[in-house]
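J.: Next comes the sequence, and after it the predicted model I'd like to discuss.
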Amino acid sequence: MNAMGDRMNLLITEDDKADFLLVESHLKKHGLDIRCRQAASMEDLAAALDEGSWDAVLSDFSIPGMEFRETLALIKERLPNVPIILVSGSIGDEMAVDLLKEGLWDFVLKDNLARLVPALERGLREAAETRARRDAESALQESRATLQSFYDSSSLMMGVAELDGEDIIAVYGNASAGRFFQFGTEKISGRTAIELGIPPEVNRLWLEHIRHCWNEGAPIRFEYEHPAPWGKQWLAATVAFIGEGRRGRPRFSFVAEDITEHKKLEEQLLQSQKIEAIGLLAGGVAHDFNNILSAIVGYAQLTQMKMQEDDPLRSYIEHILESCNRASVLTQSLLAFSRKQPIRLEAIDLNEVIRKFEKFLLRLIREDIAFKTACAKTPLFAMADKGQVEQVLMNLATNARDAMPNGGKLLIETKIATLHQEFIKAHGYGKTGEYAVIEVSDTGTGMDARTRGRIFEPFFTTKESGKGTGLGLSMAYGIVKKHDGFINVYSEPGKGTTFNIYLPLIRVERESEQRKEEDAMPPRGGMETILVAEDDAALRRLNKATLSHFGYTIIEAIDGADAVARFLENREIIRL
């Protein structure tokens with residue numbers, strides 16, 4: 001009940017019925033809306049306390065079988081926030097003072113009941129205020145506990161700090177902040193940012209933004225790279241001015257979030273966009289170059305056909321064809337880089353690809369480099385384009401060769417790896433599952449972190465001008481990504497470099513390989529007439545020369561419309 005508002009429930013401990021009725025009558029006479037219940041013994045009192053809630057207790061001092069101090073203690077225990085007023089004869093000042101100390105609310109003499117109503121009203125009012133204050137304190141404590149639980153359960157680092165000259169002094173930090181600084185939350189308070197392990201350059205950055213926030217009077221958000229014992233990480237922080245501290249120092253709230261994974265994804269997206277943009281340019285160049293190269297190869301092969309086996313010029317033609325073959329590989333790389341070269345996916349054993357490509361790689365590297373392969377004992381099948389896998393191997397081997405100008409060791413090995421969430425979380429990419437891994441490692445000069453972060457960028461190279469295109473590793477990156485795989489690098493200056501290529505592993509029942517031996521039959525040639533339509537003049541002349549060499553009659557057309565016209569003019573004789 002509120003203070004003298006609703007009907008009051010009064011418990012009166014009094015063994016004398018007449019005195020009970022006297023007190024009840026006195027209260028009602030003064031206009032109080034009350035319901036009174038008499039308790040004449042300890043048993044009666046205990047039963048009354050069990051009946052319900054009471055707004056106040058009026059008690060006599062001397063009741064047979066009841067010692068008042070015990071009665072007072074019992075009522076205080078059962079009704080802690082209810083006023084207890086002693087209505088009795090004289091008990092002495094010393095006793096009255098002791099009882100007030102023990103929890104008695106007030107004392108009214110039976111021969112002076114005029115004080116009873118004011119005492120009761122004051123007791124009810126103060127009790128209501130006390131309950132309201134305790135409820136407010138309880139609600140405040142609960143709110144604080146809820147807020148603290150919210151702060152401490154958050155993955156965001158939250159806290160309050162003050163600015164004192166050149167020092168940032170922590171006032172409060174939640175559990176995430178405590179873990180980040182490797183201090184308990186209670187140990188953060190009072191420490192400067194430097195004492196919490198913040199590097200001086202980061203401290204200066206925070207000071208700059210805090211002062212800017214203070215001057216502008218508005219929250220400010222900034223991102224920065226934070227060096228930590230476990231490696232660098234990116235943080236996004238927001239600071240806001242929230243007033244002055246106890247000593248008049250500017251006080252700020254801060255919230256910081258680890259955005260390292262977000263930054264990794266941003267870098268991967270930027271890398272993909274760069275590769276796509278450069279690929280569009282590379283694809284156009286590669287297409288035109290491929291046409292020119294086809295003409296060179298065709299005429300060289302025609303020349304070779306007309307030579308005797310012992311012709312001294314035959315070796316020159318072979319060198320031309322070999323150079324054209326290397327140029328063709330570059331063209332295929334550019335087309336693969338631009339994604340204009342179609343992927344011919346098939347189940348291939350990566351071990352077999354490496355074994356068969358080993359001779360080519362031996363010619364690619366120098367004699368002062370010890371080259372070795374170590375393939376897994378079991379086949380490693382992946383859905384891949386054999387030519388593009390070879391391209392990746394060639395690019396990585398070339399990169400290793402150039403990193404070892406004074407010789408060294410190059411090792412290519414294969415293995416199976418099962419990736420779990422821990423790997424993905426640590427690296428920021430990949431999918432769980434089994435992978436076929438090609439590992440290419442060298443003992444070269446190695447790379448620092450800055451270089452490692454850029455090696456897959458198109459046209460990025462550490463070589464001298466004219467000694468590298470800067471496309472090799474970016475091509476390898478693009479090819480691997482097209483195969484739904486990923487590539488990472490481990491390297492330190494002076495400790496060599498290791499590339500790991502992850503391609504999704506597939507299970508294939510390996511069939512016995514039965515190769516049919518077929519006699520290589522030379523082209524027979526013929527006397528028919530063939531219509532050749534080609535818009536590139538060099539290729540058109542090459543096709544005519546090649547087919548004419550085998551006895552065919554050629555009718556040329558420079559485009560589709562010309563081809564239709566030529567066909568209509570010569571439809572009786574054209575056979576193809």
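T.: On my side now, so go ahead.

J.: His30 touches Ala119, doesn't it?
T.: No: under the criterion of CB atoms under 8 Å, His30 is not in contact with Ala119, lying 12.0 Å apart. Every residue, glycine included, has its C-beta placed from N, CA and C.

J.: Give me the below-cutoff pLDDT ranges for the stretch 351-500 of the chain.
T.: For the stretch 351-500 of the chain, applying pLDDT under 70 flags the ranges 426-429, 458-459, 463-470.

J.: Repeat the analysis, applying 80 as the threshold.
T.: 422-430, 457-472 (pLDDT under 80).

J.: Skip the chain neighbours and tell me the closest residue to Met307.
T.: Distances taken as CB to CB, 6 or more residues apart in numbering put Arg314 closest to Met307, at 5.1 Å, once the chain neighbours are dropped.

J.: about what we covered before: the more surrounded of His30 and Ala119?
T.: Between His30 and Ala119, Ala119 has the larger neighbour count (other CB atoms under 10 Å), namely 21 against 15.

J.: show me the contacts for that one.
T.: Ile85, Trp105, Asp106, Val108 (CB atoms under 8 Å, 6 or more residues apart in numbering).

J.: and the residue nearest to Met307, backbone torsions?
T.: Here is the backbone geometry of Arg314 (degrees, to the nearest 10): phi -60, psi -40.

J.: Quick check: the residue nearest the centre of the chain vs Ile555, distance?
T.: Against the mean C-alpha coordinate of the chain, by CA atoms, centre = their mean, the closest residue is Glu261 at 3.4 Å. Distance, Glu261 to Ile555, using CB to CB, to the nearest Å: 64 Å.

J.: Got the domain ranges for the protein?
T.: Domain assignment for the chain, taken from automatic domain parsing, gives 8-134, 154-258, 261-341, 343-508, 529-569.

J.: want to throw those into JSON lines with distance to Ala145?
T.: Listed next are the domains of the chain as JSON lines, based on distance: least, CB to CB, whole Å:
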{"stretch": "domain 8-134", "distance to Ala145": "16"}
{"stretch": "domain 154-258", "distance to Ala145": "14"}
{"stretch": "domain 261-341", "distance to Ala145": "32"}
{"stretch": "domain 343-508", "distance to Ala145": "32"}
{"stretch": "domain 529-569", "distance to Ala145": "80"}
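
J.: Going by mean pLDDT, which of the ones you listed comes out lowest?
T.: When these are ranked by mean pLDDT, domain 261-341 comes last with a mean of 76.

J.: Count the neighbours of the residue lying closest to His212 once chain neighbours are set aside for me.
T.: Nearest residue to His212, sequence neighbours excluded (CB to CB, 6+ apart): Ile220, at 5.9 Å. By the criterion of other CB under 10 Å, Ile220 has 16 neighbours.

J.: what's Ile220 in contact with, if anything?
T.: With CB under 8 Å, 6+ apart, Ile220 has these contacts: His209, His212, Cys213, Thr238, Val239, Ala240.

J.: of the residues you listed, closest to Asp135?
T.: Ala240 (32.2 Å; CB to CB).

J.: give the contact list for that closest one.
T.: Cys213, Ala218, Pro219, Ile220, Phe252, Ser253, Phe254.

J.: isn't there a strand covering it?
T.: Yes: per DSSP: H, G, I helix; E, B strand; the rest coil, Ala240 lies within a strand segment.

J.: one step back: can you classify the residue nearest to the centre of the chain by secondary structure?
T.: Quick answer, by three-state DSSP: Glu261 is helix.

J.: Ile424 versus that one, what's the distance?
T.: 10 Å.

J.: Please apply the same query to Ile506.
T.: Relative to Ile424, and taking CB to CB, Ile506 is found at 20 Å.

J.: any chance you could map the strands in the stretch 301-450 of the chain?
T.: 346-349, 369-374, 381-384, 408-419, 433-442 (DSSP state E, counting those that start in this stretch).

J.: out of these, deepest packed?
T.: Of all these, strand 381-384 has the most neighbours on average by mean count of other CB atoms under 10 Å, namely a mean of 22.

J.: How far off centre is it?
T.: Centroid separation for strand 381-384 versus its chain: 29 Å, with CA atoms, centre = their mean, to the nearest Å.

J.: One more: stretch 114-134?
T.: On CA atoms, centre = their mean, the centre of stretch 114-134 falls 60 Å from that of its chain.

J.: buried stuff in that stretch?
T.: Residues of stretch 114-134 classed as buried: Leu116, Val117, Ala119, Leu120, Gly123, Leu124, Ala127, Ala128 (neighbour count, 16 or more other CB atoms under 10 Å).

J.: Could you verify my assumption that the first one touches Val87?
T.: Read it as Leu116. Yes: applying CB under 8 Å, one finds Leu116 in contact with Val87, separated by 6.7 Å.
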